[in-house]
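[1] the sequence and its predicted three-dimensional model are supplied below.
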Amino acid sequence: MDKNKISIIILAAGKGSRMKSPKAKVLHAISGKPMLYYIIKSSRQISDDISVVIAHQKEVVRKEIENYFDDINYIIQDTNKFPGTGGAMKNVTPKNEKVLILNGDMPLITSDSLNVFLNTDAKVIMSIFNLKNPNGYGRVVIKNKEVQKIVEQKDASVDELNITTVNAGVYAFSKDIIDKYIPKLTNDNAQNEYYLTDIISLARKDKVSISPLLVDEENFKGVNSKEDLSDAEEIMQKRIKSTIMKNGVIMQLPSTIYIEESVTFEGECIIENGCRLTGNTLINNSHIKSGSVIEDSIVKNSDIGPLAHLRPASYVENSHIGNFVEVKKSSLKGVKAGHLSYIGDAQVEDGTNIGAGVITCNYDGIKKYKTIIGKNVFVGSDTQLIAPVTIEDDVIIAAGTTLTSDVIKKGSLAISRTKVKTIKDFYYKFFNIKK
């Protein structure tokens, strides 16, 4: 496919007041990425000329999208002089002869669903879909396979209200149509806005053919509220997990699992129910057990959980991480940490066992410090390792120890325990019980 055939304009200037949020509408996240990211990602697969029209929180929107793409044209809409979807096109100068106009709140659009707009040479293509209940939508009147007009519900006749065909909100125009009709748009309406849909009526008056294109409602679903956002999230999750499973990952009760778009898998992997995998996480030949959370981490040849938590920048290889173990910014290679431990800012080497209740005390309230544990170290239960601290290979740390200094001699036992003091008959005195 020739990417030079089409220019794509994405309208992302609106406030999205129905989202009831201070955040720009197009930056609301779905599966770990802003909505606008997915639209650009799909667009780039069919075009090399992509422009995003921005206005509300324009600098925030641009900065966020530049984290993912560095080849996007940004156009600032003057919403004071030229509000509305038509106003967004006032300063746009597309390179190619065909122009596809998308909305920034349609994160479920795919490259395949956009590609169909290239299959016809019509000067004006208007996307449509059919709804069982079109209430609230403008109706699209079609005759002889051509769009005759768009009728807003409040203006529709009884017969027009029975029409189930509605405007999907995506258009393809030839460049000469844009050049001719965008300057003719006016804001002579109740909202005092410039509407892109007015091109349809202007073109019809000039007897320009308007071709309707039936599209899948799911792909062109707009997100206008937090409920819409949730619905789109569910669809996106199904797509992500379907692709992952087709590539060989086993998922148990996939509907209970949350996996972000950026997570990758290699080899034979099992993900049990109730897991959450986010960020730039890599799972390689590993078993992630139920209820575990993994964030921006790498897991290789290991089993994690159930109910374990790998926080960002953790690297776990050839290891067993059991239930209620939390790992943060640590490297564990060939380690067993069966349960109930916190391992933060640590480096732990092969053959080491971390007992229940072990804590690396990595933060003194001002700075973070590192714990280094060598090979074949046995760290007993309920041990506190006060960082910075280094433990040499082949060392035993006795249960209940609070370690405040390095153990640098191989084969050593480190132990710190207070002497047990027994007070006779204290129980009876405390509860005022006669013996």
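    Looks like it came in fine.
[2] list the contacts of the nearest residue to Ser157 once chain neighbours are set aside.
    Using CB to CB, 6 or more residues apart in numbering and skipping the chain neighbours, the partner closest in space to Ser157 is Val151 (7.9 Å). C-betas here are computed from N, CA, C, even on glycine. For Val151, the contacting residues are 138-141, 157, 160, by CB atoms under 8 Å, 6 or more residues apart in numbering.
[3] 10 Å instead?
    Contact analysis of Val151 by CB atoms under 10 Å, 6 or more residues apart in numbering lists 138-141, 157, 160-161, 163.
[4] so which of those residues are in strands?
    139-141 (DSSP state E).
[5] would you show me how to pick out the buried ones of the residues you listed in ChimeraX?
    Buried residues among the ones in strands among the contacts of Val151 (16 or more other CB atoms under 10 Å), as a ChimeraX selection:
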select :139,140
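[6] for the ones in strands among the contacts of Val151, which one is nearest Glu349?
    Closest approach to Glu349 among the ones in strands among the contacts of Val151 (CB to CB): Val140, at 66.7 Å.
[7] was I right about that closest one contacting Asn167?
    Yes. Counting by CB atoms under 10 Å, Asn167 is a contact partner of Val140 at 5.6 Å.
[8] shared neighbours of these two, anything?
    126-129, 147, 150, 200, 212.
[9] which residues of this protein score low on pLDDT?
    1-4 (pLDDT under 70).
[10] domain assignment for it?
    The chain breaks down by automatic domain parsing into domains covering 3-214, 226-414.
[11] the shared contacts of Val140 and Asn167: which two are farthest apart?
    It's Phe129 and Ile200 that sit farthest apart of these, by CB to CB, at 16.3 Å.
[12] now, the most widely separated pair of the contacts of Val151?
    So, these by CB to CB: farthest apart are Val140 and Ser157, at 14.2 Å.
[13] circling back to that earlier point, return the subset of the shared contacts of Val140 and Asn167 lying in strands.
    Residues from those lying in strands, with DSSP E as the criterion: 126-129, 147, 150, 212.
[14] can you pick the most crowded of those residues?
    Met126 (25 neighbours; other CB atoms under 10 Å).
[15] that one bridge partners, please.
    Note on Met126: beta-bridge partners Tyr171, Pro212, judged by DSSP bridges.
[16] try Val327
    Bridge pairing for Val327 - DSSP bridges - gives Leu310, Ile343.
[17] that one contacts Gly305, correct?
    No. Using CB under 10 Å, Val327 makes no contact with Gly305, being 11.4 Å away.
[18] tell me which of the two has more neighbours.
    With neighbours defined as other CB under 10 Å, Val327 and Gly305 compare such that Val327 has more, 30 against 23.
[19] ok, now which ones touch the more buried one?
    Residues near Val327 by CB under 10 Å, 6+ apart: 294, 297, 304, 308-311, 313-316, 319, 321, 335, 337, 341-344, 346, 348, 354, 360.
[20] do the same with Thr120
    Per CB under 10 Å, 6+ apart, neighbours of Thr120: 98, 172, 211, 213.
[21] out of those, which is nearest to Pro134?
    Pro134 lies nearest to Leu213 out of those, by CB to CB, at 17.5 Å.
[22] and the closest one, how close does it get to Asn67?
    According to CB to CB, to the nearest Å, Leu213 and Asn67 sit 33 Å apart.
[23] next one: Asp112 from Ser331, what distance?
    Distance, Asp112 to Ser331, by CB to CB: 41 Å.
[24] these two: which has the busier surroundings?
    For Asp112 and Ser331, the more surrounded residue by other CB under 10 Å is Ser331, and the numbers stand at 18 against 12.
[25] how much space between that one and Asp350?
    The value you get for Ser331 to Asp350, if CB to CB is used, is 11 Å.
[26] got it, and Gly357?
    Distance from Gly357 to Asp350, counting by CB to CB: 23 Å.
[27] kindly report the same for Ile210.
    From Ile210 to Asp350 the distance is 69 Å (CB to CB).
[28] quick check on those two: which one has the bigger neighbour count.
    Set Ile210 next to Asp350 and count neighbours by other CB under 10 Å: Ile210 wins out with 22 against 16.
[29] shouldn't the more buried one be in contact with Val147?
    Yes. When contacts are counted by CB under 10 Å, Ile210 is listed as touching Val147 (3.8 Å).
[30] shared neighbours of those two, anything?
    124-126, 140, 200, 203-204.
[31] output those in JSON lines; the columns should cover distance to Asn187.
    What follows is the shared contacts of Ile210 and Val147, written out as JSON lines (distance: CB to CB, whole Å):
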{"residue": "Val124", "distance to Asn187": "21"}
{"residue": "Ile125", "distance to Asn187": "25"}
{"residue": "Met126", "distance to Asn187": "21"}
{"residue": "Val140", "distance to Asn187": "23"}
{"residue": "Ile200", "distance to Asn187": "17"}
{"residue": "Ala203", "distance to Asn187": "19"}
{"residue": "Arg204", "distance to Asn187": "20"}
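[32] return the closest of those with respect to Asp393.
    Ile125 (69.5 Å).
[33] tell me the contacts of the closest residue to that closest one other than its chain neighbours?
    Spatial nearest neighbour of Ile125, excluding adjacent residues (CB to CB, 6+ apart): Ala172 at 4.0 Å. Contacts for Ala172 were tallied using CB under 10 Å, 6+ apart; they are 6, 8, 98-101, 114, 116-118, 120, 122-127, 211, 213.
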